[in-house]
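Undergrad: Output the structure for:
(one chain, ligands or ions: 1)
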Amino acid sequence: MHSKNYFIANWKMNGDAKDLQNISKVEKYLKMKKNIEDLECVFCLPFTLLGFAKSHFKNSQIKFGSQDLSCKTADYGAFTGSISAQMIKNLGCKYTILGHSEVRAEGDTDKLIDKKIRFAIQKKLKVILCVGESLKEFKNKKSFGKVKRQIYLALKNNRKSLNNITIAYEPIWSIGTGIVPNDDYLKNFFIKINDFVKKKFKKKIPILYGGSVSHKNISNFKKIDLCKGFLIGGASLKSKNFIDIIKNYYN
Ligand code: PGA
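TA: So this is what the prediction gives:
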């Protein structure tokens with residue numbers, strides 16, 4: 001059996017109900033293209049849109065996810081402003097992004113991420129765990145050390161759940177900048193992550209790339225065997241850009 005290729009849209013703090021038509025267009029395209037059954041297409045939307053998505057996309061090939069969830073409890077409680085794993089599950093979501101650098105920048109820590117992973121898995125949500133180094137760390141050759149630590153701290157207490165976790169390597173300096181690490185560097189970095197995970201956890205976990213992915217650079221990533229898909233921010237907002245990414249990848 002072929003492993004999956006993940007195309008995960010991260011809409012961040014963008015989109016209103018009217019923008020769901022972009023997802024309808026992607027859905028239509030995927031229905032037409034029957035020969036890409038290894039593709040797993042996920043839209044991680046703001047909380048405000050997940051309920052709309054549930055009623056719009058019944059029995060769709062497209063799956064949905066949140067971009068974070070509460071570290072307080074997996075269920076319900078007096079936590080003003082928080083959304084729990086159970087609530088996200090009730091909205092029909094299959095996935096959640098956790099540990100995105102933009103959430104880490106707001107105070108999300110490795111400890112909280114560890115807890116959130118547990119809550120997500122408890123509610124049968126699959127986790128897309130984001131890791132990545134800053135520009136300063138990259139320049140100081142600290143990239144792998146940083147990523148290794150983030151992965152270890154997120155997974156060490158979640159060893160039994162590894163089948164439901166995907167790692168997204170997202171260098172912070174690449175997010176939204178149009179700058180993408182070069183192919184050889186990335187190929188080597190993916191090998192290092194894969195070896196580390198295999199050694200520490202005796203398991204192969206799919207590794208995705210995120211950071212300025214577009215229809216222009218997507219074919220470069222095909223050279224990286226270990227890259228099992230993409231977390232796509234800016235280029236996932238408009239159906240044409242997102243469809244062009246899928247088209248150019250499979251061409
Ligand atoms: P970008 O964002 O594609 O806009 O660089 C990716 C991400 O932050 O997940």
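
Undergrad: what about Lys116, how many neighbours?
TA: Using other Cβ atoms under 10 Å, Lys116 is surrounded by 26 other residues. C-beta: built from backbone N, CA, C; applies to glycine.

Undergrad: which parts of the helix or strand harbouring it are buried?
TA: Lys116 belongs to helix 110-122 when elements are defined using DSSP states H and E. Neighbour-count burial for helix 110-122 flags 110, 112-121 (criterion: 16 or more other Cβ atoms under 10 Å).

Undergrad: do the following helix or strand past that helix and the ligand meet?
TA: The helix or strand immediately downstream of helix 110-122 is strand 126-131, counting by DSSP H and E. No. Strand 126-131 lies apart from the ligand when judged by Cβ under 6 Å from any ligand atom; the minimum separation is 7.0 Å.

Undergrad: if we can go back for a sec, go through the buried residues of helix 110-122 and say which is closest to Gly211.
TA: The closest of the buried residues of helix 110-122 to Gly211 turns out to be Ile113 (Cβ to Cβ; 19.0 Å).

Undergrad: Let me know whether Glu137 touches Lys146 as I believe.
TA: Yes. With contacts counted by Cβ atoms under 8 Å, Glu137 reaches Lys146, the gap being 5.2 Å.

Undergrad: Within the helices and strands, which one has the nearest residue to Asp244 once chain neighbours are set aside?
TA: Computed as Cβ to Cβ, 6 or more residues apart in numbering, the closest residue to Asp244 that is not its neighbour in sequence is His215, at 3.6 Å. His215 belongs to no helix or strand when assigned by DSSP H and E.
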